[in-house]
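> Attaching a predicted model along with its sequence, questions to come.
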Amino acid sequence: MWLAKKLFSINKLKLTPIILVGCSSGSRTAIVLTKKHPNDVCGLILAPPTGSVPTSPWPAAGGSLNYLKQAYYGSNLTASKNDGGMINVVNLMTTFRGREIPAHYNRMSRRSPLAKEQLLETNLIEFQQCMEGAMDWLESFKHDQIKSDFYSMRNV
């Protein structure tokens, strides 16, 4: 959404066509935006899109896409649904290379008391809906769909 707003501003300033650069989920966003606005984009520079690798170093997780869905969103969603709600998210730990480390929101909370306070005040239902929506969004990054989108745009 924010990229579409930026493109609107770039159009208004008559700076199109542009070259988009994307890395990870930004690659997928750049592809989608280019498909929607082919006359405004004259080139793409893409690093591997999120979820584009069908296998991963985490085979037990079912590949990179499933790993990312769980690591980024699923673990927070599960933690928030347990008794205690957002305090579980703030205190969530994860395993990385065989050792337990603070998960994303836990690290944020440790660095900033204000961040911790804001997280604890977050509406639980809205947080859960956001995590579910983000998991659906990441699911749209399936390898075959990205490959199809990219090859269908080669002549754009």
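Ah, there it is.
> switch to C-alpha atoms for all contacts and neighbour counts from now on
Noted.
> Give the full set of residues in contact with Ala115.
Applying C-alpha atoms under 8 Å, 6 or more residues apart in numbering, we find Ala115 in contact with Met108, Ser109.
> Residue ranges in the chain under the pLDDT threshold?
1-4, 49-65, 140-156 (pLDDT under 70).
> quick one, strands of it?
Ranges of strands in the chain, per DSSP state E, are 18-24, 41-49, 93-96, 99-102.
> Against Lys81, how distant is Ile125?
Distance of Ile125 to Lys81, computed by C-alpha to C-alpha, to the nearest Å: 9 Å.
> Which parts of this protein belong to which domain?
As given by automatic domain parsing, the domain ranges for the chain are 2-52+143-153, 59-139.
> Give me the more crowded residue out of Ile125 and Lys81.
A direct count of neighbours by other C-alpha atoms under 10 Å for Ile125 and Lys81 places Lys81 higher, at 15 against 12.
> Report the central residue of the protein.
Ser25 (5.6 Å; C-alpha atoms, centre = their mean).
> so Ser27 touches Val21, yeah?
Yes: at 7.2 Å, Ser27 and Val21 qualify as touching, with contact defined as C-alpha atoms under 8 Å.
> shared neighbours of these two, anything?
Leu46.
> Compare the two (neighbour count), which wins?
Ser27 (22 against 15).
> From Cys130, how far out is that one?
21 Å.
> That's all I had, so thanks and see you.
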